[in-house]
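A.B. asks: Sequence first, predicted model second:
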Amino acid sequence: MKQYLDKGKEVLKILINNGCEAYMIGEAVYSLIRGSNFSKIDITTNATPDMVKGIFANALVEDEREGAVKLTYMGYTFIISTFRLEEKFKDNRKPLRLHYSKNLKDELAACDFTINAIAMSYGGKLTDAYKGYEDIKRKRVRTIGSPRVRFYEDPLRMLIAIRLVSELGFKIERKTSSAIKSRAKLLKNIEPNKMEEELRRILNGKYFKRAIAYLVDLNVYKYIVGLRKGLKHLSNNYKRISNDSILACSYVLNKQFSTTWNSLSDDPERLRRVVELALKNPRSKYDPYLLLTYGLEVCLDSNYVNYMLKKSSLKAKKIRRQYENLPIKSVADLQFTKNDYARLSTKAQQYFDVIYKDVVTKVLNKELENNFTDIKQYIIKALNVYNVNVNDIEEEKVYKPYKEYDDQVYGDYTEPEVYENKSMTEPIQVDDTPISTFEQIQRKVSEFEKSLREKDERIKELERQALENKLDSDVNSIVGQNLEILRDLNYLEKGSEKLMFSRELKEVYKGLIKSTDPKYKALNEKKEGNNTNNESED
């Protein structure tokens, strides 16, 4: 703050050195008198905005409003306004004409409140034409001149008065408060974006409890669009809460979210979700799906809002415990991803939202294990209901046969192992013994050719076995699904009858697949070859 003040004095000195009058005014001055911190420095001068731009040509100077500019000097911001003499206002805020003045007293007379009308020179001398210093000592907010006229000129001054209460802890002088109450309806002519800064400072003020009492008692709250019910409730049930909680309480009471005051929120999107959940679940009974969907912090905030509104008890500990016990904390924790689902079938996408939500719910309720195989099988069954055929999304591998079922078709089986087909990669070993005769050469060639044939036969046998394993895997999956459906429909009893039917069904599907799928032709040829050999032996 000291550095900011020092730079402010430098700005005053530069203006003075250029032949201008210049003073600090407003918040910085009354804060220095009180010995408190300030957030901005306003400067008033007889230099016009164009003159200020010329004097500070090497700094950033931007238009702020009519008769004022914003100066950025040495990393600090200052609002520099020209002495003004205002005449007759239009539309409650805009003067018909704004005349510049050469007289500091004209500027002080145009100010709103006495504590804002104290000017401080470069040397620290105070010019106090309206007893603002006395009002600071008496801790009161009082307008300059007729308060009814001042509020008619600019209704926003009513919010400024309450903002001074919230930040300083002052009281509003009787005539001033009476005028606010009678003129409060003029605030309906002020756009919300014009109120934002004052309302933010009111909500964040150290003495907000006193300020909200004024907002309600003087009827100002009625004209703050969308926050009327929330402010009224808070005045009767005061607790120090965040801006987002105040906004959320208001929106829940209004039964709808609004973007009007998004600038007052730390996180508008999170605020929207808090309001949405609070309206959806006023008693804060969050099932696992809601906890996962909205997340812990939003659920806690939503519960607190409904607690503030006396719709629910405070359940922070219970909600935290429920969240910690969730099997997954987000959809990203599922072992079966959205991409896996997309690969099942092009026709499956239209059922994605319903099925995936069902999967998430069952995993959260611990009715379905969070592993790839279980989730995949569950989704396949669900898609069968919609008559959607699915693709095989497993990588093609050479599997060993699954172990045979024992007394039940759906017994657990071990993870299939992958063959390491070393014979397909190892080089053929050839005897390098010296050859001395033609017979030896023929013998070596014959042995080499035989070795090649054996290798080819072994390769073909491994390929056939892999194909057989793949067929067994596919058939087991198909038969398993069929039997599951029959069992669910109570068309199939457990026991030996079920096992017999399973074996017969496997043979039917194997025959069907072998006769229709070209890649299984080799299996048919092998079977026919075996039959021919058997017949010859007979």
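C.D. replies: Yep, it's here. Here the structure is a predicted model, which means the values were calculated and not measured. Numbering: from 1, shown residues only.
A.B. asks: where do the strands sit along the chain?
C.D. replies: Counting by DSSP state E, the chain has these strands, from start to end: 22-25, 41-45, 60-65, 68-73, 76-82, 84-90, 94-100, 118-120, 126-128, 140-141, 171-172.
A.B. asks: just checking, what packs against the last one?
C.D. replies: Yep, that's strand 171-172 we're talking about. On a contact count with 3 or more Cβ pairs under 8 Å, 6 or more residues apart in numbering; DSSP states H and E, strand 171-172 meets strand 140-141, helix 156-168. From N, CA and C alone the C-beta is placed, and that goes for glycine too.
A.B. asks: Pick the most buried one from these.
C.D. replies: Mean neighbours per residue, mean count of other Cβ atoms under 10 Å, is largest over the helices and strands packed on strand 171-172 for helix 156-168, with a mean of 24.
A.B. asks: Mind giving me the packing neighbours of that one?
C.D. replies: strand 140-141, helix 147-153, strand 171-172, helix 174-183, helix 192-204, helix 208-217.
A.B. asks: need the longest helix for this structure.
C.D. replies: Criterion DSSP state H: the longest helix present in the chain is helix 438-488.
A.B. asks: What residue spans form the domains of the protein?
C.D. replies: Here the domain assignment for the chain is 2-235, 236-326, 331-385, 422-537, based on automatic domain parsing.
A.B. asks: would you turn those domains into a markdown table with mean pLDDT?
C.D. replies: As requested, the domains of the chain are exported to a markdown table (pLDDT from 0 to 100):
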| stretch | mean pLDDT |
| --- | --- |
| domain 2-235 | 93 |
| domain 236-326 | 95 |
| domain 331-385 | 89 |
| domain 422-537 | 65 |
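A.B. asks: Assess the claim that residue 272 and residue 258 are in contact.
C.D. replies: No. With contact defined as Cβ atoms under 8 Å, residue 272 and residue 258 do not form a contacting pair (9.6 Å).
A.B. asks: Now for those two: what residues contact both?
C.D. replies: Common neighbours of residue 272 and residue 258 (criterion: Cβ atoms under 8 Å, 6 or more residues apart in numbering): none identified.
A.B. asks: Dump the strands of the chain into TSV; add distance to residue 505 as well.
C.D. replies: Formatted as TSV, those follow (distance: least, Cβ to Cβ, whole Å):
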stretch	distance to residue 505
strand 22-25	93
strand 41-45	88
strand 60-65	82
strand 68-73	82
strand 76-82	81
strand 84-90	89
strand 94-100	87
strand 118-120	97
strand 126-128	101
strand 140-141	89
strand 171-172	88
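A.B. asks: Now distance to residue 364 too, for the helices and strands packed on strand 171-172, in CSV please.
C.D. replies: Output for the helices and strands packed on strand 171-172, formatted as CSV (distance: least, Cβ to Cβ, whole Å):
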stretch, distance to residue 364
strand 140-141, 55
helix 156-168, 45
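A.B. asks: Out of those, flag the one nearest residue 215.
C.D. replies: Smallest distance to residue 215 across those (Cβ to Cβ): 6.0 Å, for helix 156-168.
A.B. asks: Contacts for the closest one, please.
C.D. replies: For helix 156-168, contacts defined as Cβ under 8 Å, 6+ apart pick out 34, 93, 112-113, 115, 139, 141, 143, 150-151, 170-172, 176, 180, 183-184, 186-187, 190, 194-195, 198-199, 201-208, 210-211, 214-215, 218, 220.
A.B. asks: cool, stretch 60-67 as well?
C.D. replies: Residues outside stretch 60-67 that contact it (Cβ under 8 Å, 6+ apart): 49, 52-53, 69-72, 79, 81-82, 84, 98, 100.
A.B. asks: again, but for stretch 38-55
C.D. replies: Residues from elsewhere that reach stretch 38-55 (Cβ under 8 Å, 6+ apart): 1, 4-5, 8, 11-12, 14-15, 18, 20-28, 31-32, 61, 63, 67-69, 71, 76-83, 100-102, 104, 107, 119.
A.B. asks: PyMOL command for the buried members of those residues?
C.D. replies: Selecting the buried subset of those in PyMOL, with 16 or more other Cβ atoms under 10 Å as the burial test, is done by:
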select buried, resi 4+5+8+11+12+14+15+20+21+22+23+24+25+26+27+28+31+32+61+67+68+69+71+76+78+79+80+81+82+83+101+104+107+119
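A.B. asks: Now do the same contact list for the closest residue to residue 374 other than its chain neighbours.
C.D. replies: Spatial nearest neighbour of residue 374, excluding adjacent residues (Cβ to Cβ, 6 or more residues apart in numbering): residue 368 at 6.1 Å. Counting by Cβ under 8 Å, 6+ apart, residue 368 makes contact with 359, 362, 374-375, 378.
A.B. asks: I'd like the distance between residue 368 and residue 379.
C.D. replies: 10 Å (Cβ to Cβ, to the nearest Å).
A.B. asks: Are there residues contacting both of these two? Which ones?
C.D. replies: Contact criterion Cβ under 8 Å, 6+ apart; residues shared by residue 368 and residue 379: residue 359.
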